[in-house]
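Q: Sharing a model prediction with you, sequence too.
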Amino acid sequence: MSTADPAAPVPPRLDLRHGTQRVFAHLLASSAVVSVINYTVWFAITFWVFLETRSVFATGMIAGIFVVATAATGIWFGSLVDNHRKRAVMQASALVSAAVYAVCLALYLLTPAEAFRDVGSWQLWAFIVLLMLGVIAGNPRAIALPTLVTLLVPEDRRDRANGLVGTVSGTSMLVTSVISGVLVASGGMLHVLLLALVVLAASVVHLARVDVPEPAPGAPLPPGERAGADDGADDGDGVGAGEGPASAVGPSGGAGGAGGVDLRGTWRLVRGVPGLVPLIAFSCFNNFIGGGFMALMDAYGLSLVSVQVWGLLWGGLSALMIVGGLLVARLGLGTRPVRLLLLVNVAAWTATMLFPLVASVVSLAVAMAVFMLLMPFAEAAEQTVLQRVVPYERQGRVFGFAQSVEQAAAPVTAFLVGPLTQFVVVPLMSGDGAGARAIGGWFGTGQARAIALVFVVIGAMGLVATLLALASPQYRRLSASYAAAQGLPGVGPGADAAPGAPVGTSVGLAAGLPAELPVGVPAGAPGADGPEVPARPRP
């Protein structure tokens, strides 16, 4: 006999065949293809430069250029996303990348091959910098995509849509290195650039035929209406039943006025959402300590297995990111994504802290499998929270701000941890070093075990930081902010908002964010109709 409650609501499912969700599917597919080709260019130039020059310095500089440029441009790209129509930004991004790649193709064909083999050649570095500019020009798409989830997907299934975005990221990681290697082996950078130009041209033609219903730049979503409110009812041009033409939504003052970068206004908005600054800071700290893994993981893995096995292992691990994203799309994140984000980090950091205790590729593979499987849940949770508590007309700037802050952290650690490990930890764990004498008998000694010790310390730092975040009042405030915007005040342990409390009406409704679930706010309540974001509540 079934124990299911017949009155229980059926969990919502994505319907990518109809209405605005179909539009989202087109945009997601376009972003996936362009992301793959841009990252293929990045991987290919790294492979090709090393093969031409045999210079680790040059390949390190390529990675540094990418990360620093991403951090430096995130806020500006976010402003472009907010101040222009999203499809126009995506089209302009592809056109700029294509134009830069065309210039690179001409430079590649006109430059003598000998110049590219000299690490001190200005032609080589001009080629590298131009190519990386083309790759970076694709980043506005990554910022625009989560704002389009807000616009096109009903609120009760955005977590699932964010899971699909994570699946796309995993797929890109899985295929990019393979495509890059094949193209570089077959024709150097010539085939890479020719394929990039063809794919970007096809992307521009494809998006030109996709109608994206969106309000005027800088305007909030219409109060009282929910984004993507079609539920598959519209099979036509993708505009749902609850949405009017874009021209009917004029520019709004307040938080969403179109303008420049407006870093001060973005910072004011981020501070105005209780717990949002700590959330970004937490992600930044995760990236900061994660930079240590980025700097040392290849060296550690290659001390255990051959380069062929290492490459195949990471191909399989990347596939688990796809599985994780599909699980999010299937299961959703529940009503407490902030808590889920932190619990996922507890599991991930615990796994990464324990695997180095034994020198085994099996323990490494298991820990990395846990990490890769859970990361789509963490990324989808963060995006879902931001989509809910940040006004739509400001989401580009907030996503760009978060990208800049979070991306800036990883290279700092990557540049610090390598020398620190080489010149401090390795001597400590080798020969007659203090660490070797203290724990070498059971932990092991030498370079590989020194790297393992660094991993244990990094994992412990991440675990402690996550547990402190779970116990913090900022976590409870952000949980309450999300619950209030969702129409579920009091969700989350220790949530300090009750129905009718200021946070209950300030975060979602006063920001112009519609709520699909019934919300106990009477018509005409303060802040229910305007896009203004209230001042940050005093503790």
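A: Nice, thanks for sending it over.

Q: and V338, what is it in contact with?
A: Neighbour list for V338: G275, L279, A381, V385, Y475, L478, S479, Y482, G492 [criterion: CB atoms under 8 Å, 6 or more residues apart in numbering]. Any C-beta I mention is one placed from the backbone N, CA and C, and that applies to glycine too.

Q: hmm, try it at 6 Å
A: Counting by CB atoms under 6 Å, 6 or more residues apart in numbering, V338 makes contact with V385, L478, S479, Y482.

Q: Please, which helix or strand holds it?
A: In this structure, V338 is located in helix 337-354 according to DSSP states H and E.

Q: and G446, backbone torsions?
A: phi 100, psi -180 (degrees, to the nearest 10).

Q: I meant G332, not that one.
A: Reported as degrees, to the nearest 10, the phi and psi values for G332 are phi 80, psi -170.

Q: Over to S318?
A: phi -60, psi -30.

Q: Same check on G120?
A: phi -100, psi 10.

Q: check contacts around it.
A: Contacts of G120 by CB under 6 Å, 6+ apart: none found.

Q: picking that back up, just the contacts of V338: which are in helices?
A: Among the contacts of V338, the ones falling in helices (DSSP state H) are V385, L478, S479, Y482.

Q: just the residues you listed now: which is nearest G78?
A: Nearest to G78, judged by CB to CB, of the ones in helices among the contacts of V338 is V385 at 16.8 Å.

Q: returning to that earlier point: same list, the contacts of V338, but as JSON lines with pLDDT please.
A: Shown next, in JSON lines, are the contacts of V338 (pLDDT from 0 to 100):
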{"residue": "V385", "pLDDT": "82"}
{"residue": "L478", "pLDDT": "80"}
{"residue": "S479", "pLDDT": "80"}
{"residue": "Y482", "pLDDT": "76"}
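
Q: which one among those residues gets closest to I65?
A: Of the contacts of V338, the one sitting nearest to I65 (CB to CB) turns out to be V385, at 31.1 Å.

Q: what's the closest one in contact with, if anything?
A: Applying CB under 6 Å, 6+ apart, we find V385 in contact with P337, V338, Y482.

Q: Give the rounded mean pLDDT of the helix holding V338.
A: What helix 337-354 shows for mean pLDDT is 88.

Q: Stretch 277-289 too?
A: For stretch 277-289, the mean per-residue pLDDT is 77.

Q: and it, C-alpha only, in CSV?
A: Extracted in CSV, the C-alpha atoms of stretch 277-289 (Å, rounded to 0.1, in the frame of the first residue of the first chain):
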residue,chain,number,x,y,z
VAL,A,277,29.2,39.3,1.6
PRO,A,278,30.2,36.3,3.8
LEU,A,279,28.9,34.0,1.1
ILE,A,280,31.2,35.6,-1.5
ALA,A,281,34.0,35.8,1.0
PHE,A,282,33.6,32.1,1.8
SER,A,283,33.8,31.2,-1.9
CYS,A,284,36.8,33.5,-2.2
PHE,A,285,38.5,31.7,0.7
ASN,A,286,37.7,28.3,-0.9
ASN,A,287,39.4,29.4,-4.1
PHE,A,288,42.3,30.8,-2.1
ILE,A,289,43.1,27.5,-0.4
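
Q: before we move on, the earlier item: go through the ones in helices among the contacts of V338 and name the one nearest M297.
A: Looking across these and measuring by CB to CB, the closest to M297 is V385, at 28.4 Å.

Q: For the closest one, give its distance to E155.
A: Per CB to CB, to the nearest Å, V385 is found 12 Å from E155.

Q: likewise I451?
A: 45 Å.

Q: what's the answer for V41, then?
A: Taken as CB to CB, the span from V41 to E155 is 36 Å.
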